[in-house]
Structure formats: C-alpha cells, structure tokens
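Enquirer: What follows is a predicted protein model with its sequence.
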Amino acid sequence: MRSIDVTVVAAALLVSALSSAALAQEEVDYARIATAAWFDYGSDLNYSSRILEDYVNKNISDAEAIQSLMAVYVMAGRTAANLANLEPPAEFSNFHNYTFSAVENFRLYLWNLAKFIETRYTVYGQDAMNYFNRSLEYRVKALEESVLLL
C-alpha cells in the first residue's frame, strides 16, 4: 500500500508543477502521460509484490508466478514505451529520465525474477534484487526532482 501513496503524491506533485506554468499543448500531453506512467508504475510495483508474496507463501505455482510476472512485464513495457516516445519540457528532463530509468529497471527486475523462478539460477535472483533496488533508487530521484519543480 505504501507505494500507491507515494505514487499518488508524486503524480500530484507532477500535476501541480506542470499546472503552475502556462503550458503549451505538448506540455499538457506530457503531463497527462507522465502522470499516468506514475500511476501505472505504482500499480505494477504493488501487483508484483503480491505475486511474489503469493509465490513465497506457496499460494501459486511456479508457472502461475512466471505467467503473472510476465503479464506485469508486458504492462510495464507499455509504460516504458509511452515514456520513451515523449519529449519532456526542458525543466522536466531529469524527472523524465529518472522515471524512465525506474520503469526500465523494474522491467529488468521482473524478467530476472521470472528467470530465477524458472531456472533456480542464483545469478538471476541476484540480478533481480539489484534491478529492483535500482528501480527504487531512480524512483526516489524522480520524486526528489518533482519536489524541486514546485
């Protein structure tokens, strides 16, 4: 639940920062897509945590965990594609880059976690943990950047 709260705050900060300036249409479009990306990222983080919890508690099988993780991977890929196709307003470029990096590292986390479940190779588990931590680090940087934009 905590990540939804942080994600909602981040999206609200972004909307507030973008609303405080006179915006061209492309900036309005950026704000809409970037805000949606934050909500999607937060939802995907929460859902992947539930998948992992269900898997660890043996409530779902290996195959169900992999299938669920890959569904989130595909959804996060759509979020990444939406962000990659955006040209942020200049003052939001750091925020944008951090957000994109958070989503991309999250996708790598999902892929490596699924590979770990599939193969039991510890290198995938270690990589998954590293990518997850990097994703959260970029997320924090994006949040910090959004506060600076106010």
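Expert: Sure, I can see it.
Enquirer: could you say which helix or strand contains Lys58?
Expert: Using DSSP states H and E, Lys58 is not contained in any helix or strand.
Enquirer: Also Glu137?
Expert: Going by DSSP H and E, Glu137 is in helix 122-148.
Enquirer: buried sites along that helix?
Expert: 124-125, 127-128, 131-132, 134-136, 138-139, 141-143, 145-146 (16 or more other C-beta atoms under 10 Å). Every C-beta, even on glycine, is put in place using the N, C-alpha and C of the backbone.
Enquirer: Same question for stretch 35-53.
Expert: Here stretch 35-53 shows 35, 37-38, 40-45, 48, 51-52 as buried, counting by 16+ other C-beta under 10 Å.
Enquirer: okay if I get the residues you listed as JSON lines plus pLDDT, secondary structure and distance to Gly77?
Expert: Listed next are the buried residues of stretch 35-53 as JSON lines, based on pLDDT from 0 to 100; DSSP: H, G, I helix; E, B strand; the rest coil; distance: C-beta to C-beta, whole Å:
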{"residue": "Thr35", "pLDDT": "86", "secondary structure": "helix", "distance to Gly77": "19"}
{"residue": "Ala37", "pLDDT": "93", "secondary structure": "helix", "distance to Gly77": "12"}
{"residue": "Trp38", "pLDDT": "90", "secondary structure": "helix", "distance to Gly77": "16"}
{"residue": "Asp40", "pLDDT": "95", "secondary structure": "helix", "distance to Gly77": "11"}
{"residue": "Tyr41", "pLDDT": "96", "secondary structure": "helix", "distance to Gly77": "12"}
{"residue": "Gly42", "pLDDT": "93", "secondary structure": "helix", "distance to Gly77": "16"}
{"residue": "Ser43", "pLDDT": "95", "secondary structure": "helix", "distance to Gly77": "14"}
{"residue": "Asp44", "pLDDT": "97", "secondary structure": "helix", "distance to Gly77": "10"}
{"residue": "Leu45", "pLDDT": "96", "secondary structure": "helix", "distance to Gly77": "15"}
{"residue": "Ser48", "pLDDT": "97", "secondary structure": "helix", "distance to Gly77": "13"}
{"residue": "Ile51", "pLDDT": "98", "secondary structure": "helix", "distance to Gly77": "16"}
{"residue": "Leu52", "pLDDT": "97", "secondary structure": "helix", "distance to Gly77": "19"}
